[in-house]
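>>> Predicted model, plus sequence, below.
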Amino acid sequence: MGIGIVLMIQPHWDTNNLWSELVRISQQSPATVGIVGGILLIVWLLLLWQFYQQTKLSELIVAVNKLVPQVGDTKSQGLQVKRWGRRLQPLAENVNGVFEAAQQAMVEEHEIERSKDEMVTNVSHDLRTPLTSILGYLGLIINDSEQQKLQREEIMKYAQTAFDKSGQMQSLVEDLFDYTQVHQVDFKLHWAPLDLAALLQQLAVNYELEAEEKGVVISAVSNPTVIEMVGDPDRLARVFMNLINNAFKYGEGATFVRLSAKVMPDDNQVEIRVTNNGAKIPDESIKRLFDRFYRVEGSRNTKTGGTGLGLAIVNGVINAHGGQVRVESDDAITSFIINLPLTPEEDELPD
């Protein structure tokens, strides 16, 4: 091609031989030949560089295709970024970012499936156990209707046991219902003005009898004595009831349960604490306490039962209010700490 360009710029040939003509032109116009040669060298290098980039890009595409089946393998490290050069390195980094995100999504999906399977097992167990008792004790009463060998006290005892087991089943069903409601996309709160201090005092009064039976003193204290805020009274009451029930169930050795609230005027927030002096929550469990279906290892037994949804419901309701919930636990005190805005953001209120 270079020879053709040199000959084209030549108006006429002075020789009859192509090679002789090229030699003559190079002797007469060395600058022209040098310029044409330099241009041709640059074009050739650009073409070579382009070919190299296309080759590397093709290799990168092949490497990406090989990564696809490895998404489910958490040990796979993705692409080696430095291998692809300066121009393709950002693309390789982006591919790795997408790959890692897909891996994380797969891990989370597997964890959700595992949690759901565990939940189904727990629910099946917690429904079957009281249901078996209910059927058993009611069967004893019905089968004795003709023989009448049972004393009235025995009949009342069996009936009371069946009634108590029915309450366990009702509590389980309510937890499942509340959990599904709180985690629906269109979940909405019923906003209304309320006195938080009065709500906590009423809850403490409602649990006095149960606390006395367990040898626990329950109390409520607020600063100031009237705390006016806007929220969903029913949902918030259920939150505090769940935390009180948790303190009774899992606060082994506790002698008191205290509900306290104080206004944080600088932040336009109120801080509520549900505190007990029972057994410490293991450090490794604190980060997962509010995960759905999670329960502290060893907490599941015939006395406590449950599906591990109570704290997930608490977290969902508090988040819907624009607040936060956390837990602090040591050998002396365990506190569930809730921060709520006294008034919600305007976009959270109904139209």
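Alright, I've got the coordinates.
>>> For stretch 279-291, list every residue counted as buried.
I281, S285, I286, L289, F290 (16 or more other C-beta atoms under 10 Å). Backbone N, C-alpha and C define where each C-beta goes, glycine included.
>>> Provide a list of residues in contact with the residue nearest to the third one when sequence neighbours are not counted.
Counting by C-beta to C-beta, 6 or more residues apart in numbering, the nearest residue to I286 once its immediate chain neighbours are dropped is V327, at 5.7 Å. For V327, the residues meeting the contact criterion (C-beta atoms under 8 Å, 6 or more residues apart in numbering) are I281, I286, L289, T334, S335, F336, I337.
>>> Which strand or helix spans V327?
strand 324-329 (DSSP states H and E).
>>> other SSEs contacting the helix or strand following that strand?
Using DSSP H and E, the helix or strand that directly follows strand 324-329 along the chain is strand 334-341. The helices and strands touching strand 334-341, judged by 3 or more C-beta pairs under 8 Å, 6 or more residues apart in numbering; DSSP states H and E, are strand 228-231, helix 233-250, strand 269-276, helix 310-320, strand 324-329.
>>> Now render those as CSV, adding distance to A204.
Formatted as CSV, the helices and strands packed on strand 334-341 follow (distance: least, C-beta to C-beta, whole Å):
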stretch, distance to A204
strand 228-231, 18
helix 233-250, 9
strand 269-276, 11
helix 310-320, 18
strand 324-329, 20
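>>> want to throw the ones you listed into TSV with distance to A159 and mean pLDDT?
Putting those into TSV (distance: least, C-beta to C-beta, whole Å; pLDDT from 0 to 100) gives the following:
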stretch	distance to A159	mean pLDDT
strand 228-231	40	94
helix 233-250	25	92
strand 269-276	33	95
helix 310-320	28	90
strand 324-329	39	93
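>>> For H183, which non-adjacent residue is closest in space?
Closest residue to H183 apart from its sequence neighbours, by C-beta to C-beta, 6+ apart: G316 at 6.0 Å.
>>> ok, the one you found to G310 distance?
Distance, G316 to G310, using C-beta to C-beta, to the nearest Å: 11 Å.
>>> what sits against the residue nearest to H183?
Residues near G316 by C-beta under 8 Å, 6+ apart: Y179, V182, H183, F187.
>>> Now with 10 Å, please.
G316 makes contacts with 178-179, 181-184, 187, 235, 239, 290, 292, 309, 325, as judged by C-beta atoms under 10 Å, 6 or more residues apart in numbering.
>>> Buried ones among these?
Among these, those buried by neighbour count (16+ other C-beta under 10 Å) are D178, Y179, V182, R235, V239, F290, R292, L309, V325.
>>> nearest to E109, of those residues?
Using C-beta to C-beta, R292 comes nearest to E109 of these, at 14.1 Å.
>>> Per-residue pLDDT of that closest one, please?
If you check R292, the pLDDT there is 69.
>>> now I5
With respect to pLDDT, I5 scores 49.
>>> ok, now how distant is L140 from L127?
21 Å.
>>> Now the common contact residues for G316 and G310.
With C-beta under 10 Å, 6+ apart as the test, G316 and G310 both reach D178, Y179, V239, F290.
>>> list the buried ones in stretch 64-84?
V64, L67, V71, G78, L79, W84.
>>> how about it as CSV, C-alpha atoms only?
Only the C-alpha atoms of stretch 64-84 are listed here, as CSV (Å, rounded to 0.1, in the frame of the first residue of the first chain):
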residue,chain,number,x,y,z
VAL,A,64,-17.4,-13.8,32.2
ASN,A,65,-19.4,-16.7,30.6
LYS,A,66,-17.3,-19.1,32.7
LEU,A,67,-18.2,-17.1,35.8
VAL,A,68,-22.0,-17.5,35.4
PRO,A,69,-22.1,-21.2,36.6
GLN,A,70,-20.0,-20.2,39.6
VAL,A,71,-22.4,-17.7,41.1
GLY,A,72,-23.7,-20.3,43.6
ASP,A,73,-20.1,-21.0,44.7
THR,A,74,-19.2,-18.6,47.5
LYS,A,75,-15.5,-19.7,47.3
SER,A,76,-15.2,-18.4,43.7
GLN,A,77,-13.2,-15.1,43.6
GLY,A,78,-14.3,-13.7,40.3
LEU,A,79,-11.9,-12.2,37.7
GLN,A,80,-8.3,-11.3,38.2
VAL,A,81,-8.6,-7.5,37.5
LYS,A,82,-4.9,-6.8,36.8
ARG,A,83,-4.8,-9.4,34.0
TRP,A,84,-7.0,-7.3,31.7
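>>> can you list contacts of that stretch?
So stretch 64-84 is contacted by 56-57, 59-60, 63, 88-93, 95-107, 109-110 (C-beta under 10 Å, 6+ apart).
>>> what mean pLDDT would you report for it?
Rounded mean pLDDT across stretch 64-84 is 73.
>>> Where do the helices of the stretch 151-300 of the chain begin and end?
Here the stretch 151-300 of the chain has its helices, by DSSP state H, counting those that start in this stretch, at 152-182, 196-206, 208-213, 233-250, 283-286.
>>> now the angle from the fourth one to strand 269-276?
Counting by axes from the mean of the first three to the mean of the last three C-alpha atoms, to 10 degrees, helix 233-250 points 30 degrees away from the direction of strand 269-276.
>>> ok, and for helix 233-250, which residues are buried?
Neighbour-count burial for helix 233-250 flags 233, 235-240, 242-250 (criterion: 16+ other C-beta under 10 Å).
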